[in-house]
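> predicted model and sequence below, questions to follow.
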4 protein chains.
Amino acid sequence: MAKSKDANLSPRKKPRQARSQVTVDAIFEATIQVLLVEGLQRLTTIRVAERAGTSVGTLYQYYPNKQALLFAVLQRHVGEVGEHVRRAAESVHGRPLTAIVSAVVRAFVQAKTDRIDEARALYSVAGELDSRRLVEESEERGLAVLTAVLRTSTDVQFDDLPTAAYMFMAAMIGPTTYMIEGGAPPSIMRAWSGQLESLCLGYLERAAYAIP
Amino acid sequence: MAKSKDANLSPRKKPRQARSQVTVDAIFEATIQVLLVEGLQRLTTIRVAERAGTSVGTLYQYYPNKQALLFAVLQRHVGEVGEHVRRAAESVHGRPLTAIVSAVVRAFVQAKTDRIDEARALYSVAGELDSRRLVEESEERGLAVLTAVLRTSTDVQFDDLPTAAYMFMAAMIGPTTYMIEGGAPPSIMRAWSGQLESLCLGYLERAAYAIP
Amino acid sequence: MAKSKDANLSPRKKPRQARSQVTVDAIFEATIQVLLVEGLQRLTTIRVAERAGTSVGTLYQYYPNKQALLFAVLQRHVGEVGEHVRRAAESVHGRPLTAIVSAVVRAFVQAKTDRIDEARALYSVAGELDSRRLVEESEERGLAVLTAVLRTSTDVQFDDLPTAAYMFMAAMIGPTTYMIEGGAPPSIMRAWSGQLESLCLGYLERAAYAIP
Amino acid sequence: MAKSKDANLSPRKKPRQARSQVTVDAIFEATIQVLLVEGLQRLTTIRVAERAGTSVGTLYQYYPNKQALLFAVLQRHVGEVGEHVRRAAESVHGRPLTAIVSAVVRAFVQAKTDRIDEARALYSVAGELDSRRLVEESEERGLAVLTAVLRTSTDVQFDDLPTAAYMFMAAMIGPTTYMIEGGAPPSIMRAWSGQLESLCLGYLERAAYAIP
DNA sequence: CATGAATGAGGTTTCATTCAT
DNA sequence: TATGAATGAAACCTCATTCAT
């Protein structure tokens, strides 16, 4: 069983002076860059600090340990993506299935591709045992959002709504992760939003029956 | 850019005596176990050797380094899964789309769930930069297989076959990885094969047009 | 051999304004508190400053380095205890042995127990190689004081006065340190002064011969 | 409050091969030497390993952390000294007070001065918060031993035996520590056993009353 | 062949001290 | 003067790998 230190993973102190905010941002971005270029195995606190143009000591003033750094990045990413999807879903409450799927998928793909470096960088981080909880919580919230919006669809209903929502979620996240991580050909990447819409809609229409 | 050691990653020597084969197998299985129970971060060669009931020295007689160990496990896994899918695909050459999708998806899900411990254990290994090539090669082969079999479908054709095949692949692998890694509820896991069939078929039918 | 930095260990400047004196005192007391609560190993300049309600920067305005801080505390402690003993000894010049021992031991125990937190806190500090000289100087002065007063005793004389004085000193300081540090039962602590008197007097009477 | 990790402080593994025993002994002795020459603050695992003629890695094969190393040394020291005193005390059960005091004090001083380097080196270690328990346990055993032997004295009895035994203990350990640590003049050191006997006997005779 | 002791580079983290604001 | 952000040397500890037995 992995050692469950459950150490403090939240950032250490909020910078008060203006210059510190710059520093803390630089560290944050440097983490993503190092992750991207070197990979998780070769991400060291010294390397991150160097790329951020500071020193290790400074890094540790803001993050209590290396995990916390990775958490911060992961958290912001899943938080922002989740938030985008949530907003999109809210905006299409009470609309037909096609409108729902279109809006949600577009928002998701948009959010992911706007942060494609982050997404790519975080692939290995998300796989770490320590990060599971964070990711799982985000997924639970996402599932709730999808379940809620699918229920409001005006033209269709689902026999097994939980399963449908889960598959919708898995069909968005899974292939997109696969695509981003695997380095899909540009032609695929360009068409991704539409293709993913097809994938999700194709499934959901099969899983639904029309409201009389 | 990650240091490209590109060390020798293939196993060191084929053991000739039966006794050695037992040892090699034990090391192999121990790797999976340690991966599963402790996680990649805490996988050390000594721990693997201990769990295998041998010593580090012996481990290094059969694998030139730690990476090679992980590679071996990853390789066997993707190899076997790929092989199962390939055979299934071959067996449904020249059949209608539904038959193809059904056979391929079943074979894939079967292969994955038969090796679910491995699949779970290897999640983080696959995320490492070092393992990318191995995974990508396997994916390329898979893509070729799917492209070939889709082309033989008797009832439908695709405007953009490469994209369709890619999406088929992504729709199988992505959500399944998501599901296995995320720890889906049992109800979902039980129904997985059917659901995945729906997902893939739903997409492919939309991407295809009937042969006149 | 320990690196002999011999840095400046005396406080940096005498604060002129009343406000500063408050700060210096706060830092001084904070040092004792941190020592007591956290131990020497966990005493950091930042922790001291925080507990004193100031910042590290300010701390360094009054003490040139961390050692100086500890020295100041140790110095005041041994200084005050020594001073008390010295005064007591002076007050019994030319009296019989029992009076001398009684006065000196009482003064010593009184001074120590009045500052028992300090005494406890400083135990580990005094053990550090760096503090040896400070402690030794104080002990030399103490030895001189005891030698002087014993010589004035009206009823007894010593064959080997230096040894007698040394043993007197060791018999006061040694067991008291042992008792304070070891956390003696309350019954012992309450009776300490009397017991210590017995101990010292028992020894000195054996070492002395009556003046005819 | 000091962080109470209570980590594993017992040695890590018993060496099986002959050469390892040499190594582990070298590390043990090196610890004492470094403690003596450099002091606790400057004792680092690397320095210990270097002086032992090995590498840090090897050190950590036998001791799980730095504390464990110090514990081992401290433990052996207090264990051996305690054992010597215990044996001496046993050998004078049922003898007159003078015989008891003489035997016990001699054994104690002998044991300490035979290991004077260790004794000196361990002074600061014993002051560490982490080591308290170890020392206290030893002291409790010692107290029990002294209480038991004093009770068997044929010629005297004590009104308050616990206090008498405690003072006996404090009168041996306290001044001796003071003397060793303070670097007493050679004349004192040579005479130490006799002086300490006087000190203890002087006290105990005052605390006792003759058996009629 | 098998063992496990030894190595040491490299990673994480702390903290005394400085200095711009 | 006071602050606290920044620095980086140095400490602890791990672990892949080698090699004598």
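Yep, it's here.
> how does chain A divide up, domain by domain?
A:18-63, A:70-210 (automatic domain parsing).
> so of these, which one's packed in deepest?
Most buried of the domains of chain A, by mean neighbour count (mean count of other C-beta atoms under 10 Å in any protein chain shown): domain A:70-210, with a mean of 19. C-beta: built from backbone N, CA, C; applies to glycine.
> picking up where we left off before, dump the domains of chain A to JSON lines, plus mean pLDDT.
Formatted as JSON lines, the domains of chain A follow (pLDDT from 0 to 100):
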{"stretch": "domain A:18-63", "mean pLDDT": "94"}
{"stretch": "domain A:70-210", "mean pLDDT": "96"}
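> can you lay out these as CSV showing distance to B:Val101?
Below are the domains of chain A laid out as CSV (distance: least, C-beta to C-beta, whole Å):
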stretch, distance to B:Val101
domain A:18-63, 36
domain A:70-210, 12
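> of all those domains, which lies closest to C:Gln110?
Nearest to C:Gln110, of all the domains of chain A, is domain A:18-63, at 46.1 Å by C-beta to C-beta.
> can the closest one be said to contact chain C?
No. Applying C-beta under 8 Å from any C-beta of the partner chain, one finds domain A:18-63 separated from chain C by no less than 10.8 Å.
> for A:Val109, which non-adjacent residue is closest in space?
Among residues not flanking A:Val109 along the chain, A:Ser193 sits closest, at 4.4 Å (C-beta to C-beta, 6 or more residues apart in numbering or on different chains).
> list the contacts of that neighbour.
A:105-106, A:109-110 (C-beta atoms under 8 Å, 6 or more residues apart in numbering or on different chains).
> the longest helix anywhere in chain A close to chain B?
Taking DSSP state H as the criterion, chain A has its longest helix at helix A:66-91. No. Against chain B, helix A:66-91 shows no contacts by C-beta under 8 Å from any C-beta, the least distance being 10.3 Å.
> so A:Ile27 versus A:Leu40, what's the distance?
According to C-beta to C-beta, to the nearest Å, A:Ile27 and A:Leu40 sit 17 Å apart.
> and for A:Ala88?
31 Å.
> equivalent analysis for A:Glu29, please.
From A:Glu29 to A:Leu40 the distance is 17 Å (C-beta to C-beta).
> same question for A:Gly94.
Distance of A:Gly94 to A:Leu40, given as C-beta to C-beta: 43 Å.
> gap between the most centrally placed residue in chain A and B:Arg151?
Geometric centre of chain A, nearest residue: A:Val78, 3.3 Å, by C-alpha atoms, centre = their mean. Distance, A:Val78 to B:Arg151, using C-beta to C-beta: 39 Å.
> for A:Val56, list the residues it contacts.
A:Val56 sits next to A:45-46, A:49 when contact means C-beta under 8 Å, 6+ apart.
> now the nearest residue to it once chain neighbours are set aside: which helix or strand?
Nearest non-adjacent residue to A:Val56, counting by C-beta to C-beta, 6+ apart: A:Ala49, 4.7 Å away. Element membership for A:Ala49, per DSSP states H and E: helix A:45-52.
> how about the longest helix of chain A and DNA strand E, touching?
Yes. Using C-beta under 7 Å from any atom of the strand, helix A:66-91 reaches DNA strand E at A:66-67.
> related to what we said a few turns ago, what's in contact with the helix holding A:Ala49?
A:23, A:26-27, A:29-31, A:33-34, A:38, A:55-56, A:58-60, A:66, A:69.
> just the CA atoms of the helix or strand just after it, as CSV, please.
On the C-terminal side of helix A:45-52, the closest following helix or strand by DSSP H and E is helix A:56-62. Only the C-alpha atoms of helix A:56-62 are listed here, as CSV (Å, rounded to 0.1, in the frame of the first residue of the first chain):
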residue,chain,number,x,y,z
VAL,A,56,14.4,26.1,-4.6
GLY,A,57,14.1,28.0,-1.4
THR,A,58,11.6,30.4,-3.0
LEU,A,59,9.7,27.5,-4.4
TYR,A,60,9.3,26.0,-1.0
GLN,A,61,8.0,29.3,0.4
TYR,A,62,4.9,28.9,-1.6
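> is DNA strand F within reach of helix A:56-62?
Yes. Helix A:56-62 reaches DNA strand F (C-beta under 7 Å from any atom of the strand) through A:56-58, A:60-61.
> Three-state assignment for A:Leu9, please.
Using DSSP: H, G, I helix; E, B strand; the rest coil, the structure places A:Leu9 in coil.
> typo on my end, A:Ala184
What three-state DSSP gives for A:Ala184 is coil.
> my read is that it contacts B:Tyr166, right?
Yes. Contact criterion C-beta atoms under 8 Å: A:Ala184 and B:Tyr166 qualify, at 6.9 Å.
> any chance you could map the strands in chain A?
Here chain A has its strands, by DSSP state E, at A:156-158, A:208-210.
> which stretch among the ones you listed comes nearest chain B?
strand A:208-210 (10.9 Å; C-beta to the nearest C-beta).
> quick one: list the elements packing against that closest one.
strand A:156-158 (3 or more C-beta pairs under 8 Å, 6 or more residues apart in numbering or on different chains; DSSP states H and E).
> partner strands of the strand it packs on and their direction?
strand A:208-210 (antiparallel) (DSSP bridges).
> between the contacts of helix A:45-52, which is nearest A:Glu136?
A:Leu69 (20.2 Å).
> distance of the closest residue to that closest one other than its chain neighbours from chain B?
Excluding its sequence neighbours, the residue lying closest to A:Leu69 (C-beta to C-beta, 6+ apart) is A:Tyr63, at 4.6 Å. A:Tyr63 sits 18 Å away from chain B, going by C-beta to the nearest C-beta, to the nearest Å.
> list the contacts of A:Tyr63.
When contacts are counted by C-beta under 8 Å, 6+ apart, A:Tyr63 is found next to A:11-12, A:27, A:69, A:72.
> got CSV for those residues, with distance to C:Ser131 too?
Output for these, formatted as CSV (distance: C-beta to C-beta, whole Å):
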residue, distance to C:Ser131
A:Pro11, 39
A:Arg12, 33
A:Ile27, 40
A:Leu69, 39
A:Ala72, 43
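> how about those residues, which pair is most distant?
It's A:Arg12 and A:Ile27 that sit farthest apart of the contacts of A:Tyr63, by C-beta to C-beta, at 11.5 Å.
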